[in-house]
Each structure stands twice: as C-alpha cells, then as structure tokens.
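Peer 1: Predicted structure and sequence below. I'll ask about it afterward.
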Amino acid sequence: NIWEQPSLAKSYDVNSSEDIVCIFNGKHETVSVDDFYITETNGSTVNYTAYNGEKIIASCFMSVTQEDTPVCYLTINHGEVYEDYEFVRIITEAGYSVGTLDMYTDGIPEDCDLLVTYNPKKDFSVKNEVSNESEIEMLEEYMSLGGKYMIFLSPDTFASGGFENLEGFLSSWGVEYMHETNNDGIEACSI
C-alpha cells in the first residue's frame with residue numbers, strides 16, 4: 001500500500017495504488033493493472049480490446065522464480081528500428097530480459113539466449129581492408145554453438161542489393177531470396 005508504507009512501496013518501484021508486485025527470494029517484478037489489458041488508441045480515446053492479466057501475472061511469477069533469467073539481445077547499428085513495443089513486450093512476457101547489442105563493438109555475449117534483428121537497413125560487416133571485425137563470423141560461431149537467432153525482414157530489404165554479407169549468411173542456413181524485377185522495373189524480393 002503506497003499510502004501506508006510509502007518507503008517499502010518505493011523500494012519495489014511501486015508508483016501507484018494500481019501497481020502489483022511479485023516478490024520471491026529477494027527478486028521482484030512490478031506491473032500496473034493497466035498492463036493487464038490490450039488497448040487501442042484512437043486519437044485521444046483509449047479502448048480496451050482484450051484482457052491479458054493471467055499472462056502478465058504468469059510472466060511476473062516466472063521472472064522472479066527463475067534461477068537464471070534468459071537474455072534476449074536486439075541488434076542495433078544496422079538501421080534497425082524497434083517501434084513495435086508489442087514485439088518487445090511479447091519477448092519480455094516469454095520470460096526474457098531484453099537489451100540492445102551492437103555486435104560490431106561488443107560481440108555476442110555469452111549470456112545471449114536469443115538474438116533478434118528487426119528489418120536492418122544496412123549490411124552486416126565482414127573482415128576486409130576496411131573492417132577488422134566480422135559480424136557474420138560472430139553470427140556463424142553463435143549459431144554453431146546452438147544459439148537462437150531470429151531475423152525479421154520486409155519484402156524490400158534486399159531490393160537494393162546492398163546486403164551481400166547477410167544474404168550469404170542466410171543462404172548458408174537455407175534461406176534464399178529471389179531477386180526479381182517487376183513490370184515497372186523496380187526490384188522486388190521473395191523467399
């Protein structure tokens with residue numbers, strides 16, 4: 001209760017009387033009752049479209065009772081834009097701690113349980129006369145050790161043809177893109 005025990009509430013990141021805290025063995029997770037609902041915003045009006053409370057509470061229980069929380073890294077530095085907060089929320093609700101990762105400067109950490117790339121705008125690096133680092137080699141090593149990698153691409157990601165390194169990596173895992181030109185002369189890709 002934030003009114004009866006304000007210092008205790010603050011120690012658990014409780015900011016509202018609508019916050020709920022799951023506590024176990026010194027670990028805690030705080031959520032708001034608002035997190036229990038899926039909403040849709042239409043101008044200044046917020047409409048509740050679904051109830052998701054059981055999943056949120058289960059996610060909190062899982063977060064505080066897991067011995068080791070799995071870590072998901074979202075790659076950055078290739079023009080990725082993670083505007084879809086629902087996507088990050090789904091990963092968090094699956095029990096992952098989420099962080100960002102610049103593979104070029106940091107490599108892939110040993111604690112990485114899931115690596116995600118979302119619609120990159122520029123290619124991954126390889127060792128050459130310009131770069132001493134190869135993100136492609138890092139991905140290959142990570143995958144060869146049983147790593148999990150998810151990549152989300154739009155149909156036009158490879159249309160510019162500027163993804164030779166990433167396309168080569170995906171090809172080695174059986175994912176091929178067919179470069180085709182539409183009737184209007186614009187290149188389109190398909191799997």
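Peer 2: Thanks, I have the structure now.
Peer 1: Could you pull out the strands in the protein for me?
Peer 2: With DSSP state E as the criterion, the chain has strands at 19-24, 27-32, 37-42, 45-51, 71-75, 97-101, 112-118, 149-152, 178-181, 187-190.
Peer 1: Which of those strands comes out lowest on mean pLDDT?
Peer 2: In terms of average pLDDT, strand 187-190 trails the rest of those, at a mean of 61.
Peer 1: low-scoring stretches of this protein, by residue?
Peer 2: 156, 159-161, 185-191 (pLDDT under 70).
Peer 1: now the angle from the lengthiest helix in it to strand 97-101?
Peer 2: The residue-count maximum for a helix in the chain (DSSP state H) belongs to helix 53-65. Going by axes from the mean of the first three to the mean of the last three C-alpha atoms, to 10 degrees, helix 53-65 is angled at 80 degrees with respect to strand 97-101.
Peer 1: What is helix 53-65 packed up against?
Peer 2: On a contact count with 3 or more C-beta pairs under 8 Å, 6 or more residues apart in numbering; DSSP states H and E, helix 53-65 meets strand 19-24, strand 27-32, helix 85-93. (Each C-beta comes from the backbone N, C-alpha and C, glycine too.)
Peer 1: looking at these, which is closest to residue 166?
Peer 2: Among the helices and strands packed on helix 53-65, the nearest to residue 166 by C-beta to C-beta is helix 85-93 (20.0 Å).
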